[in-house]
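>>> Here is my input, please return the structure:
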Amino acid sequence: MTAAKLALAVAILGYLIAQARDGFAELPEQSIHWPLLVAGLLCTLVAASLSFVRWHLLIRAQAIPISLPETLSLGALGLALNFVSLGSIGGDFFKAIFLAHGQPGRRTEAVATVVADRVLGLLTMLALASGGILATGLASATSVPVRVLCQTILASTAVCWTGAALLLFIPTLSGVRVRKWVESIPLLGGTAARLLGAVHAYRAQRHMLLAAFSISVVMALFFVTSFYLVARGLPVNEPTWAEHLVIAPTAGLVGAIPITPSGLGTTELAVEELYETMPGGAGSRKGDGTMVALARRATEVAVALIGLVFYLTHLRKMREVYAEAEEAADIE
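Presented below is the predicted three-dimensional model:
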């Protein structure tokens, strides 16, 4: 499965780079604005750091003892593992196991924090993309693919936000009766019931959720801006910043689909297609979106290298937890 995912990523990237070969060939002769690229890198760093702070608030809401510096280090490590781990041990899964290490009986709560972090990130990105669509009027764009995409995002935002609100504000949906019913489901019922139980803890810590969501919005804005600054730094015809409110979150959501390692290839393909279809990118050449996406990914790799510091300073514990994570992955 891992080999198939990697092969698919290589095939997609090979196709995109072949399409963009003229643009890449001309790149040495073009003017590159390095200060804008550095600003894009800094925005990526800030966005990643804020995502770790968001996760820290969700951890504290579950009453799991951990300091902010420890969360930042563990978050950086998880980001690094997303790039270097091609097997079943991804960064999120490893973070959950590492967080629960040495705290018997808290593994489900640790997993719940990672799930909640991803759900909150999804809700934020959908809300941001919907805001960009409404601000630019893309829901009624003349291009049929753009119009369908935008209407799908708006519908998904409504469904996901409604579901999250119902789960958070209606106690019955995660109450004892529902948890007992879920617990009777074979294999995953027990874990799912405990995850529903974790919803109760978050319901009692709504102020923490509000703070986490506020940080998530700021983080998402830095995420979008990093894409835009990287595009401005390269010799491409980029869409507007408002259109990047749709491009960046949508590409991130596509990259989250686990058919390639860390969304490699699928994210770049999404950016390429969106660059060609957005009204602001009407003058874009084949490959402009690919160049921007690859340069933006390079900023993520640079930020992920910070996780190596944590790895090297906690080598023994890392090996213990990785073995524990592999065992848990085999069981699942």
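
>>> For the stretch 201-332 of the chain, give me the ranges with low pLDDT.
Along the stretch 201-332 of the chain, the parts satisfying pLDDT under 70 run over 280-283, 314-315, 317-318, 320-332.

>>> make it 90
The model of the stretch 201-332 of the chain has pLDDT under 90 over residues 201-209, 235-240, 242-243, 245-246, 250-266, 269-270, 272-289, 301, 304-332.

>>> how about the strands in it?
With DSSP state E, counting those that start in this stretch applied, the stretch 201-332 of the chain shows no strands anywhere along its length.

>>> what residue ranges in the stretch 1-150 of the chain score low on pLDDT?
Low-confidence regions of the stretch 1-150 of the chain, defined by pLDDT under 90, span residues 1-10, 12-32, 60-67, 69-116, 118-119, 129, 131-150.

>>> who's in contact with Ala135?
Residues in contact with Ala135, defined by C-beta atoms under 8 Å, 6 or more residues apart in numbering, are Ala242, Leu245. For glycine as for every other residue, the C-beta is placed from the backbone atoms N, C-alpha and C.

>>> With the one 4 residues further on instead?
For Ala139, the contact set (C-beta under 8 Å, 6+ apart) comprises Ile133, Arg147, Cys150, Gln151, Leu154.

>>> And the closest residue to the second one other than its chain neighbours, its phi and psi?
Same thing as Arg147. Closest residue to Arg147 in three dimensions, ignoring its sequence neighbours and counting by C-beta to C-beta, 6 or more residues apart in numbering: Ala141, at 4.9 Å. For Ala141, the backbone dihedrals are phi -60, psi 150 (criterion: degrees, to the nearest 10).

>>> that older thread, top of the contacts of Ala139 by neighbour count?
Each of these was scored by neighbour count (other C-beta atoms under 10 Å); the top score is that of Ile133, with 26 neighbours.

>>> Count the residues that sit near Lys95.
Other residues near Lys95 number 27, with proximity taken as other C-beta under 10 Å.
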